[in-house]
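Engineer: starting from these lines, generate the structure:
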Amino acid sequence: MAKTICLFNHKGGVSKTTTTFNLGWVLADMDKTVLIVDLDSQCNLTGLVLGYNAIDDEHMAGFYESRAHLTMRPIVSALIDGVPPEQFVEQDKGNVITTAHEKLFLLPGHLDTSELDSQISVSLKIAPGIPATRNIPASLPKALQLISDKVGADYTIYDLSPNIGGLNEAILMSSDYFIVPTSPDYFCLQAVSSLEKTIPKWHDEIEQFKKVNRFDSRTYPIKNKPQFLGKIQQRYRPRYDKPGKSFQNWIDTIREAINGRLVPVLEEIDCVTPRAAVQEVLERTDLSPYDLAYISDFNSLIAISQQLSKPIFALTDTEIHDTGKVFGYAEETMKQSRDKFLEVFWDLGKRIVALTK
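Structural biologist: Next up is the predicted model:
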């Protein structure tokens, strides 16, 4: 069974989608079979993988109409119509998308995914009075688990939308692990404060829901014990390979908020990886719990990456030269940046594997 990881922060613009793709790719480089799942109705992860085809309306219309592809569209339709997840997965003949990496697969998103949001939210509140709705919250996590098994995934990584709706609640609380991507700004600090309240609230709601409906916690798809692995600090401009002073101030403040407020709350509901385990994988680094990686802005490399639907650390010298149309000092600078990002993401991948054994 695949280990499931959520990338979640209900503040937008923290590189959640890019990190999902990059982390999936580096785990695939480590010979893991990885399924990345686009659960954001904006479908940015789908667009990142499909490249320029994703902006062609006619191409995408044909893509979603084809039953050769398994996407969130028929999954949502079936679950809303009350089709059991087991029946849907057994009968549907569509395949997840193969990416440019042979061991990395995509379950594309769709606008209709948002329709499940309200259904799950309502069901969590009214199921005791209307038993017919009691199976709705766990249907999507169960379907995704079965699809992961069908792919033979070692890891399934969920890219969630930036909100605190019912779908995110069901998926996060059904996952084995979660990571919070952050950016060095005030609104991200506020988001951390919100997570401090939201996750315990979700935990209590799911526990009550299972109790009232007499679900067996040992087999129920929403396990309600996602383990917080840590945060990934992103979207800052470096100065001498370190965040600039103004960025560092926010990074420090957010770290203090996570360690001083979020982690203690998560410890109370058994939803955090023990500090000692995180400290062990961070030995001989300049990182401290719960920092998993520092990832600066990708700058001009991101355009080449998006054009080729590959992470920047997977770009070849030829791709940088030909696609980026650069030469001389600019070309060498890009190659050096690529190599630094490769080291950062490879180390991140090793930490994730070590923490999820």
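Engineer: residue contacts, residue 157?
Structural biologist: When the contact criterion is C-beta atoms under 8 Å, 6 or more residues apart in numbering, the partners of residue 157 are 4-7, 20, 23-24, 34-37. To be clear about C-beta, it is placed using only N, CA and C from the backbone, and glycine gets the same treatment.
Engineer: quick one: which of those sit in strands?
Structural biologist: With strands taken from DSSP state E, the overlap with the contacts of residue 157 comprises 4-7, 34-37.
Engineer: which among these gets closest to residue 324?
Structural biologist: The shortest distance between residue 324 and any of those, using C-beta to C-beta, involves residue 36 and amounts to 25.3 Å.
Engineer: correct me, but that closest one touches residue 44?
Structural biologist: No. Here residue 36 does not reach residue 44: they are 11.8 Å apart, not a contact under C-beta atoms under 8 Å.
Engineer: what is in contact with the two at once?
Structural biologist: residue 159.
Engineer: and the two? Which one has more around it.
Structural biologist: Higher neighbour count among residue 36 and residue 44: residue 36, with 32 against 19, using other C-beta atoms under 10 Å.
Engineer: name the nearest residue to the more buried one, sequence neighbours excluded.
Structural biologist: With C-beta to C-beta, 6 or more residues apart in numbering as the measure, residue 24 is the residue that lies nearest to residue 36, at 4.4 Å, once sequence neighbours are left out.
Engineer: residues near that neighbour, how many?
Structural biologist: As a burial measure, residue 24 scores 31 neighbours (other C-beta under 10 Å).
Engineer: that one and residue 48, how far apart?
Structural biologist: For residue 24, the distance to residue 48 under the criterion C-beta to C-beta, to the nearest Å works out to 11 Å.
Engineer: residue contacts, residue 120?
Structural biologist: 136-137, 140, 165-167, 169-170.
Engineer: ok, 10 Å please
Structural biologist: For residue 120, the contacting residues are 79, 133, 136-140, 165-171, by C-beta atoms under 10 Å, 6 or more residues apart in numbering.
Engineer: confidence score at the nearest residue to it once chain neighbours are set aside?
Structural biologist: The spatially closest residue to residue 120, leaving aside those adjacent along the chain, is residue 166, at 3.3 Å (C-beta to C-beta, 6+ apart). You'll see residue 166 listed with a pLDDT of 95.
Engineer: hmm, residue 166 is touching residue 127, no?
Structural biologist: No. Between residue 166 and residue 127 there is no contact under C-beta atoms under 10 Å: 11.9 Å.
Engineer: with neighbour numbers in mind, choose between the two.
Structural biologist: Between residue 166 and residue 127, counted using other C-beta under 10 Å, residue 166 has the larger neighbour count: 23 against 18.
Engineer: please tell me how far the more buried one sits from residue 123.
Structural biologist: Taking C-beta to C-beta as the criterion, residue 166 is separated from residue 123 by 8 Å.
Engineer: okay, and the common contacts of the two?
Structural biologist: In the contact map built from C-beta under 10 Å, 6+ apart, the residues linked to both residue 166 and residue 123 are 136-137.
Engineer: chain center to stretch 154-163: distance?
Structural biologist: A distance of 3 Å separates the C-alpha centroid of stretch 154-163 from that of its chain, computed with C-alpha atoms, centre = their mean, to the nearest Å.
Engineer: so for it, what gets flagged as buried?
Structural biologist: By neighbour count, with 16 or more other C-beta atoms under 10 Å as the criterion, the buried positions of stretch 154-163 are 154-162.
Engineer: swap in stretch 74-81?
Structural biologist: Buried residues in stretch 74-81, defined by neighbour count with 16+ other C-beta under 10 Å: 74-76, 78-79.
Engineer: pipe the residues you listed into a markdown table and attach distance to residue 66, pLDDT and secondary structure per row.
Structural biologist: What follows is these, written out as a markdown table (distance: C-beta to C-beta, whole Å; pLDDT from 0 to 100; DSSP: H, G, I helix; E, B strand; the rest coil):
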| residue | distance to residue 66 | pLDDT | secondary structure |
| --- | --- | --- | --- |
| 74 | 11 | 95 | helix |
| 75 | 15 | 96 | helix |
| 76 | 17 | 95 | helix |
| 78 | 17 | 95 | helix |
| 79 | 20 | 94 | helix |
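Engineer: run through the strands of the stretch 201-350 of the chain in chain order.
Structural biologist: Secondary structure of the stretch 201-350 of the chain (DSSP state E, counting those that start in this stretch): strands located at 227-234, 238-239, 242-243, 291-295.
Engineer: just those: most buried one?
Structural biologist: The highest mean neighbour count among those belongs to strand 227-234 (a mean of 23), with neighbours defined as mean count of other C-beta atoms under 10 Å.
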